[in-house]
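Novice: Provided below for reference: sequence and predicted model.
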Amino acid sequence: MKKIFSILMFFCISVGCSVSQESMKLSLPSIFGNNMVLQRNREVPFWGTGIPGTKVILKTGWGKNLKTRVNDKGEWHCKVKTPQAGGPYTMDIEGEDTKYSFSNVLIGEVWLCSGQSNMEMPVQGWPPSDTVNHAEQEIKNAHYPSLRLFTVKRAISVNPQNDCQGEWISCSPENIRNFSATAYFFGRKIHTTLGIPVGLIHSSWGGTPAEAWTAKSCLQEMGDFRKAIDQLNSIEPEIKSFYQWLSTLEKVDMSDKTGANIWQDLDFNDLHYSAVDINTVDWPEMDLPVLWEQTGMGEFDGMVWFRKEVHLPETWLGRDLMIELGPIDDMDRTYVNGHYLGGYEKQGFWQTPRIYRVKSEENTLPDIIIAVRVLDTQGGGGIYGKAADMKIYPVGSKQDTLSLAGTWKYLPVAEYINNIFYIYGKGEKSYAARPSLSLPLTSNTPTLLYNAMIHPLCPFSLRGVIWYQGEANVDRPYQYRTLFPLMITCWRNKWDQGDFPFYYVQIAPYEYGENSKSQLLREAQLQTLSLPHTGMVVITDIGNPRNIHPGNKQDVGKRLAKWALAKDYGYEDMVYSGPLYESMEVENQKIRLHFDHCGSGLQVQGDALNSFTIAGEDRKFYPARAEIENNTVVVWSPAVAKPAAVRFGWSNTPEPNLFNQEGLPASPFRTDNWDK
């Protein structure tokens, strides 16, 4: 009932239809359910919808019962006092027409865990290239029945939604595999240290910028986003038309499917589209390799067929052939002359080159048809590598090749939106008839993720938030100085639970490209510590400059937990942060740096301190020598007679070695505010 209501409300809000009184029977958001964890020692909000004027009765297993009424807008709200940590309890919520009975309810600590791919990355990782350290052992040992997990299904919405898709489950080896690794290791540390139930609400989406997670009313405070917000407001008729058109298409709902294999059984008439004799005269053309977002398709998630006819040399007939297509984002099924060659139908292989063998018995015609079904569920999509990676050649004759780069026919056959495939048909239901939108509605569009994946959780009672994001904003670091604190303040205001703790991860070392300066994004994150009740985890020592998804998520989670344990749970003697730059002073030809969070003292991991540079007023920075003196660092260079500024770890890929004695690394920083 709750899922049906959620989907109905999403469609109605998008296109402006009405909701009957019958559909307004007592309903609650999906965040309330069996196995849930409620924040201890709080007046915990409950809310939902119902028939105006009807009574709602709440009965709890811990002895707190109350009554309320549905208001004239069809909404009801109340707050229930929770006890000390414990359970399991039952809970009944009853209206005049419907009754919900929840079981196995625990009282403990609740944290929201959000961000982009490094928060989304599951405990099992995304093999083969993006893996979590010791994943299988971690999964095997994940027996924590009082650690509860709720994952918000990916969704976007133009308007704030009252519900999301998801359910509470207990932590077990079966359930933890696809749950956020960072969130799990954080929650596990809190749970095992405090010995009480912990609930983790995971809501993240890879590759997404902070503005997508920020409410429209908050973004309007920033001039940078006013144009986008105004445009969203102005295209409501287009959006209504688009969703009305989608509603006429055949649908395949993926929202109940979980695990790594959910994409393997999809078949949207594959035999037809891979067949040799299909008519492709009306198919458009695309020059490959390319991400289709860079073509006329724009922002599109879903299933697209690519086809190319290749004339082979006569000497190749009857021989085994190799086809190389380069990497495909995200998944593929590849055919030759209607015969299936192979494919990658799990997440995580978007960087893997596709190399397939055509057997000699299938190579009997001088003209062959290569058909590739590409499925993309987020971000960029398509056959996108280098032209030199796309080729065909006889086995054993790699130097004798034909290029497969260039013009291919293509046809989108299904669009993937909010966990549903909308399957295109013919005529008015074809891709060619798809209504256009002036502004793409994607996971990158400002406010859309907040509306669908954060707003439905408000005001579910939280202890706090952990956040791992920033990579998608790395090219706009100065904007992030304002945007990130704005987002945090926005969430706190929307929840109306005070300045709850907000702990986040500084982005890891990674080679973003010579024109990117991720150090400025790290600086923006460092500056956000000026907001009350925030904390930042530094991971320069456990990143991977060649992989944007570092595998050591255990220490990321543990370091986030240190902030919570020290600041929120009474572990006041715990050292929870690495050294943070505090001030500097010039001493003759040297600069002395002072730090906060030195713990038991500063230390160097290695023979000598690295990653320091120094400059005079000419703003030319030179590699510097540095030494620890008590809890300060003295920096100098023979090339700089009158030093004015120091920078530390100031690059895309910093791997500095200044730590405190507790093993936590110092954050990169600069003492100047020069533009370069």
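Specialist: That came in fine, so what should we check first? Numbering: from 1, shown residues only.

Novice: Tell me where the chain is predicted with low confidence.
Specialist: Where the chain drops to pLDDT under 70, the residues are 1-24, 676.

Novice: Kindly recompute the last result at 80.
Specialist: 1-24, 259-260, 398, 514-515, 676 (pLDDT under 80).

Novice: Can you tell me the strand partners of the strand ranked longest in it and which way each runs?
Specialist: The strand that spans the most residues within the chain, counting by DSSP state E, is strand 99-115. The strands beside strand 99-115 in its sheet (DSSP bridges) come out as strand 37-39 (parallel), strand 86-94 (antiparallel), strand 198-204 (parallel), strand 464-468 (parallel).

Novice: which parts of the second one are buried?
Specialist: Read that as strand 86-94. 86-87, 89, 91, 93-94 (16 or more other Cβ atoms under 10 Å). In short, each C-beta sits where N, CA and C put it, glycine included.

Novice: give me phi/psi at Met487?
Specialist: Per-residue torsions, Met487: phi -60, psi -40 (degrees, to the nearest 10).

Novice: Then Val604?
Specialist: phi -110, psi 140.

Novice: burial of the nearest residue to it once chain neighbours are set aside, as a residue count?
Specialist: Distances taken as Cβ to Cβ, 6 or more residues apart in numbering place Asn657 nearest to Val604, at 5.6 Å, with adjacent residues excluded. For Asn657, the count of nearby residues is 18 (other Cβ atoms under 10 Å).

Novice: Give the full set of residues in contact with Ile109.
Specialist: Check again: residue 109 is Glu, not Ile. 37, 39-40, 85, 190, 194, 196-199, 463 (Cβ atoms under 8 Å, 6 or more residues apart in numbering).

Novice: So which of the strands paired with strand 99-115 is nearest Phe150?
Specialist: Nearest of the strands paired with strand 99-115 to Phe150, taken as Cβ to Cβ: strand 198-204 at 4.7 Å.

Novice: quick one on the thing from earlier: looking at the contacts of Glu109, which is nearest Ser157?
Specialist: Lowest distance from Ser157 to those (Cβ to Cβ) belongs to Gly199, with 24.2 Å.

Novice: Might one say that the closest one is in contact with Arg148?
Specialist: Yes. Between Gly199 and Arg148 there is a contact under Cβ atoms under 8 Å: 4.7 Å.

Novice: hey, what's in contact with both of those two?
Specialist: 36-37, 106, 168.

Novice: Make JSON lines out of the buried residues of strand 86-94 and add distance to Leu341.
Specialist: Shown next, in JSON lines, are the buried residues of strand 86-94 (distance: Cβ to Cβ, whole Å):
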{"residue": "Gly86", "distance to Leu341": "57"}
{"residue": "Gly87", "distance to Leu341": "53"}
{"residue": "Tyr89", "distance to Leu341": "55"}
{"residue": "Met91", "distance to Leu341": "54"}
{"residue": "Ile93", "distance to Leu341": "54"}
{"residue": "Glu94", "distance to Leu341": "58"}
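
Novice: which one among the residues you listed gets closest to Pro394?
Specialist: Gly87 (66.6 Å).

Novice: Excluding sequence neighbours, find me the nearest residue to that closest one.
Specialist: Nearest one to Gly87, counting by Cβ to Cβ, 6+ apart, is Leu106 at 3.9 Å.

Novice: Test of understanding: give the bridge partners of the one you found.
Specialist: Going by DSSP bridges, Leu106 forms beta bridges with Val37.

Novice: ok, how many other residues are close to it?
Specialist: Based on other Cβ under 10 Å, the number of other residues close to Leu106 is 26.

Novice: Helices along the stretch 551-676 of the chain, start to end?
Specialist: Using DSSP state H, counting those that start in this stretch, the helices of the stretch 551-676 of the chain run over residues 553-568.

Novice: Strands along that one, start to end?
Specialist: 580-587, 590-596, 602-604, 612-615, 621-623, 625-629, 632-636, 645-648, 658-660, 669-670 (DSSP state E, counting those that start in this stretch).

Novice: in the helix or strand hosting Asp230, what counts as buried?
Specialist: Per DSSP states H and E, Asp230 falls inside helix 223-234. Of the residues in helix 223-234, 225, 228-229, 232 count as buried by neighbour count, 16+ other Cβ under 10 Å.

Novice: same question, stretch 238-253
Specialist: Quick answer for stretch 238-253 (16+ other Cβ under 10 Å): 239-240, 242-243, 245-246, 249.

Novice: ok, and the closest non-adjacent residue to Met574?
Specialist: Ala566 (4.3 Å).

Novice: For the one you found, grab the count of nearby residues.
Specialist: Going by other Cβ under 10 Å, the residues that sit close to Ala566 add up to 17.

Novice: Contacts only, for it.
Specialist: 572, 574-576.

Novice: rewinding a little: mean neighbour count and distance to Pro45 for the strands of the stretch 551-676 of the chain - can I get that in a markdown table?
Specialist: Putting the strands of the stretch 551-676 of the chain into a markdown table (neighbours: other Cβ atoms under 10 Å; distance: least, Cβ to Cβ, whole Å) gives the following:
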| stretch | mean neighbour count | distance to Pro45 |
| --- | --- | --- |
| strand 580-587 | 14 | 36 |
| strand 590-596 | 19 | 37 |
| strand 602-604 | 19 | 45 |
| strand 612-615 | 23 | 50 |
| strand 621-623 | 16 | 52 |
| strand 625-629 | 15 | 50 |
| strand 632-636 | 21 | 48 |
| strand 645-648 | 24 | 44 |
| strand 658-660 | 23 | 40 |
| strand 669-670 | 20 | 40 |
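
Novice: Reformat the ones you listed as a markdown table; add distance to Gln161.
Specialist: Listed next are those as a markdown table, based on distance: least, Cβ to Cβ, whole Å:
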| stretch | distance to Gln161 |
| --- | --- |
| strand 580-587 | 38 |
| strand 590-596 | 41 |
| strand 602-604 | 48 |
| strand 612-615 | 48 |
| strand 621-623 | 49 |
| strand 625-629 | 52 |
| strand 632-636 | 50 |
| strand 645-648 | 44 |
| strand 658-660 | 44 |
| strand 669-670 | 40 |
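
Novice: To Tyr504, which of those lies closest?
Specialist: strand 580-587 (14.2 Å).

Novice: Measure how that closest one sits relative to strand 632-636, angle-wise.
Specialist: 50 degrees (axes from the mean of the first three to the mean of the last three Cα atoms, to 10 degrees).

Novice: so strand 580-587 versus strand 590-596, what angle?
Specialist: Using the same axes, to 10 degrees, strand 580-587 lies at 150 degrees relative to strand 590-596.

Novice: Parallel or antiparallel, list what pairs with strand 580-587.
Specialist: strand 590-596 (antiparallel).

Novice: what angle separates the partner strand from strand 625-629?
Specialist: 50 degrees.

Novice: how far out from the middle of the chain is strand 590-596?
Specialist: 37 Å (Cα atoms, centre = their mean, to the nearest Å).

Novice: switch to numbering from 320
Specialist: All right, first residue 320 from here; so that's strand 909-915.

Novice: So what touches that strand?
Specialist: Strand 909-915 is contacted from outside by 896, 898-905, 921, 933, 948, 950-955, 962, 964-965, 985, 990, using Cβ under 8 Å, 6+ apart.

Novice: change it to 10 Å
Specialist: 896-905, 921, 931, 933, 943-948, 950-956, 959, 962-965, 967, 977, 979, 985-986, 988, 990 (Cβ atoms under 10 Å, 6 or more residues apart in numbering).

Novice: I'd say Val571 and Glu734 touch.
Specialist: No. In this structure, Val571 is not within contact of Glu734 by Cβ atoms under 10 Å, at 11.0 Å.

Novice: Would you mind stating the distance between Trp582 and Met573?
Specialist: 9 Å (Cβ to Cβ, to the nearest Å).

Novice: okay, and the common contacts of these two?
Specialist: Common neighbours of Trp582 and Met573 (Cβ under 10 Å, 6+ apart) are Thr696.

Novice: ok, back up a step: out of the buried residues of strand 405-413, the closest to Trp395 would be?
Specialist: Nearest to Trp395 out of the buried residues of strand 405-413 is Ile412 (Cβ to Cβ; 9.8 Å).
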